[in-house]
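**Q** Predicted structure and sequence below. I'll ask about it afterward.
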There are 2 protein chains.
Amino acid sequence: MADTQIRFGILGCADIARKVSRAITLSPNTILYALGSRSIEKAKTYASVNNFPPSTKIYGSYEAVLDDPNVDAVYVPLPTSLHVEWAVLAAKKKKHVLLEKPVALNAREFDLIIEACDSNGVQLMDGTMWMHHPRTELMKQFLNDPNRFGQLKSVHSSFTFCAKPDFLKNNIRVKPDLDALGALGDAGWYCTRSILWAANYELPKTVTALRGPIFNESGVILACGSSLQWEDGKVATFHCSFLSNLTMDITAIGTGGTLHVNDFVIPFEENKAVFSSAFKSGFTELVTGWTPLPSEHIVPTDLPQEVQMVREFANLVKAIKESNSKPDTKWPSISRKTQLVLDAVKASIDKDFEPVEIVS
Amino acid sequence: MADTQIRFGILGCADIARKVSRAITLSPNTILYALGSRSIEKAKTYASVNNFPPSTKIYGSYEAVLDDPNVDAVYVPLPTSLHVEWAVLAAKKKKHVLLEKPVALNAREFDLIIEACDSNGVQLMDGTMWMHHPRTELMKQFLNDPNRFGQLKSVHSSFTFCAKPDFLKNNIRVKPDLDALGALGDAGWYCTRSILWAANYELPKTVTALRGPIFNESGVILACGSSLQWEDGKVATFHCSFLSNLTMDITAIGTGGTLHVNDFVIPFEENKAVFSSAFKSGFTELVTGWTPLPSEHIVPTDLPQEVQMVREFANLVKAIKESNSKPDTKWPSISRKTQLVLDAVKASIDKDFEPVEIVS
């Protein structure tokens, strides 16, 4: 089986890479092969503390990882402002790219990454883990069922967490030169993705940011929200924040059914996940209760969602390597749409909450 | 105990009066005493079909109910456009008034009702049943706990139901001359109330309707939403609709905690109700699960929420009758604030989604 395993290099010692490196180790079709950091000492310590395989190559630069001919794919968890530089270089070095979200500072920048991956024939996928949880597929089956859910009419999504004082002072996600979109690019990425997911990736016609965003002293968004409007009358709202208790909701309402999930980004528990569905909900006689009642669905998972993500990415890479397949275009297209909506929310905030048309 | 029972008259044979008449029968401190309709035949049939006590006086007009000296209080489920006329007349006849929502076509109209009740020393309360469920009090204790929920940062509320074609054609709630606020006055009333409830009835500074409301051919709202902004940075959104599957959500997010309830208007089951609370929610090491997990709370009910409402109203009436108490001002004040916000949402829709300041 050794010849079918995809060898991963990781660029940088980001906190999130601890979880993804474990996923690369756990995924049956990948090998955690290399780690590069600007400080080789830091990389050594990081690899050791996080139980990297002893065979992992440790490099004192990101370039060295990209120059290693044995590396098939790289995971890029660098600050967003560095994505274009390193994702484009990785593509040029024929490395497949698993890129953390937000994928870029804006869609124009992301297009440079897509272009580099396209012209070098490498796979591009973003690191939105929940997309790969088996629950996500089951929820989608419900949303796409005309006899149960019917036609989608509205979605509301929230992703908030209460950042600690140190995060609010020092984390890259509140620094204008590193992650300029702040909570919108981070938590808002998930909300936006969940809305597009529910809408089968149909882009909204217009996006109107909600009044009342909260900024830090450098002007980075700490909390904001938006409404989205589609041509067919569908609407959506989301709220994202670094300033409130951990909350991860999707409520999708159709003509016939309703979906609720309260831990969509990271399930409450690793080995199973739950969602609730209701359809043709009505009342008992005298309107003193509901009939039928909503149902709860429990989805067991053999592998955590981040492992499923790594496995799926590596399967695409393997098909390219072994069967000369073309890179899959679905994942970059979904990333780009998510980024387009984030850009529009930011533009609407900058334009005093005027609606912004989405032009794909 | 007979001398402490409050004698109720009902004005009209509305569908909702079936449930409230049962509540009056079930409440230990009230008697279902009289029913008036413009058609005495209709009233007789209605009383019989709905198991009114055989002793119930049946009148062929609303006036006759108000003129019966034995009637202490009236329940007014008439179309909204008739509320001022009949609630004011009831107050002048010294009848206490339990008034269906929305309480009026606008706050200016509702002020006429408040004034009439004030000057005649009668109690006024609206018919928002869920306010009286014991679950509501327990959820409030959680929201008001600085050590668990912390400071409120955002609320989202949805109330949607999928109206049948006959409703969309004939129901009073889609008729511009009867319930001009449509889904906003009906489902949106509950959303607005739930947001004000979570905010301890602090009025928002501004209200901005969301783009994309849906109207029927007479211009009555069938679906709409709004965002609300407070001086302290709190925000809220709601979505209400006659065109989507039954959904009744409140999600309130504080600095420390999160509250979820998915059946706030009418609990799934009559004899118990559930809500979920979480506080200081965080992640396990490696961010692969939550710790602590949210908790589910089950609240048993000895009496359905509409009976609790009738009982509480009758207790206030009794205190006025027997102890010369002043009418309670809390309930009319809450009704008025709810109406003020609805008026602002409507004004924002009419002003092309500009923010509207709330002036109390």
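**A** Right, received. Where do you want to start? Numbering: from 1, shown residues only, chains lettered A, B, ... in the order given.
**Q** So A:Phe353 is in contact with A:Gly212, correct?
**A** No: A:Phe353 lies out of contact with A:Gly212 (C-beta atoms under 8 Å); the separation is 9.3 Å. Just so you know, the C-beta spots here come from the backbone N, C-alpha and C atoms, and that holds for glycine as well.
**Q** Wasn't A:Ala116 part of a helix?
**A** Yes: assessed with DSSP: H, G, I helix; E, B strand; the rest coil, A:Ala116 lies in a helix.
**Q** That one and A:Ala87: what is the separation?
**A** Taking C-beta to C-beta, to the nearest Å as the measure, A:Ala116 and A:Ala87 are separated by 7 Å.
**Q** Would you mind checking which helix or strand in chain A has the lowest mean pLDDT?
**A** helix A:165-170 (a mean of 92; mean pLDDT, DSSP states H and E).
**Q** A:Ala116 and A:Ala87: who's more crowded?
**A** A:Ala87 (30 against 19; other C-beta atoms under 10 Å in any protein chain shown).
**Q** Name all residues that make contact with the more buried one.
**A** A:Val76, A:Val97, A:Leu99, A:Ile113, A:Ala116, A:Cys117, A:Leu124 (C-beta atoms under 8 Å, 6 or more residues apart in numbering or on different chains).
**Q** In TSV: those, plus distance to B:Trp331, pLDDT and secondary structure.
**A** Rendered in TSV, the data for these read as follows (distance: C-beta to C-beta, whole Å; pLDDT from 0 to 100; DSSP: H, G, I helix; E, B strand; the rest coil):
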residue	distance to B:Trp331	pLDDT	secondary structure
A:Val76	58	98	strand
A:Val97	61	98	strand
A:Leu99	56	98	strand
A:Ile113	59	98	helix
A:Ala116	65	98	helix
A:Cys117	62	98	helix
A:Leu124	59	98	strand
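**Q** who wins for most neighbours among these?
**A** A:Val97 (30 neighbours).
**Q** Compute the number of surrounding residues for the residue of the stretch 101-250 of chain A found nearest chain B.
**A** Using C-beta to the nearest C-beta, the single residue of the stretch 101-250 of chain A nearest to chain B is A:Leu246, 3.8 Å away. Neighbour count for A:Leu246, taken as other C-beta under 10 Å: 22.
**Q** got it, and A:Asn70?
**A** For A:Asn70, using other C-beta under 10 Å, the count is 10.
**Q** and it, what does it touch?
**A** Contacts of A:Asn70 (C-beta under 8 Å, 6+ apart): A:Arg7, A:Tyr33, A:Ala34.
**Q** quick one: contacts for the first one?
**A** Each residue near A:Arg7 by C-beta under 8 Å, 6+ apart is listed here: A:Thr30, A:Ile31, A:Tyr33, A:Ala34, A:Asn70, A:Val71, A:Asp72, A:Ala73.
**Q** Now do the helix or strand harbouring the third one: which elements does it pack against?
**A** Assigned by DSSP states H and E, A:Tyr33 belongs to strand A:30-36. In terms of contacts (3 or more C-beta pairs under 8 Å, 6 or more residues apart in numbering or on different chains; DSSP states H and E), strand A:30-36 is packed against strand A:6-11, helix A:16-26, helix A:40-49, strand A:57-59, helix A:62-67, helix A:305-323.
**Q** The stretch 51-200 of chain A: helices as residue ranges?
**A** Per DSSP state H, counting those that start in this stretch, the stretch 51-200 of chain A carries helices over the ranges A:62-67, A:83-92, A:107-119, A:134-143, A:165-170, A:182-185, A:187-198.
**Q** List of residues touching the first one?
**A** This means helix A:62-67. A:9-12, A:34-38, A:57, A:59, A:71, A:74, A:78, A:86, A:89-90, A:93, A:95.
**Q** What's the ChimeraX line that selects buried ones from those residues?
**A** Per 16 or more other C-beta atoms under 10 Å in any protein chain shown, the buried members of the contacts of helix A:62-67 correspond to this ChimeraX selection:
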select /A:9,10,11,12,34,35,36,37,57,59,71,74,78,86,89,90,93,95
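**Q** Provide a list of residues in contact with the most centrally placed residue in chain A.
**A** Closest residue to the average C-alpha location of chain A: A:Thr128 at 2.4 Å, with C-alpha atoms, centre = their mean. A:Thr128 makes contact with A:Lys101, A:Trp189, A:Tyr190, A:Arg193, A:Met309, according to C-beta under 8 Å, 6+ apart.
**Q** For the residue of the stretch 251-360 of chain A found nearest chain B, give me the pLDDT.
**A** Closest contact between the stretch 251-360 of chain A and chain B, by C-beta to the nearest C-beta, is at A:Ser281 (3.7 Å). For A:Ser281, the pLDDT comes out at 97.
**Q** Return the residues in contact with it.
**A** Residues near A:Ser281 by C-beta under 8 Å, 6+ apart: A:Gly257, A:Thr258, A:Trp290, A:Thr291, A:Pro292, A:Pro294, B:Asn245, B:Leu246, B:Thr247.
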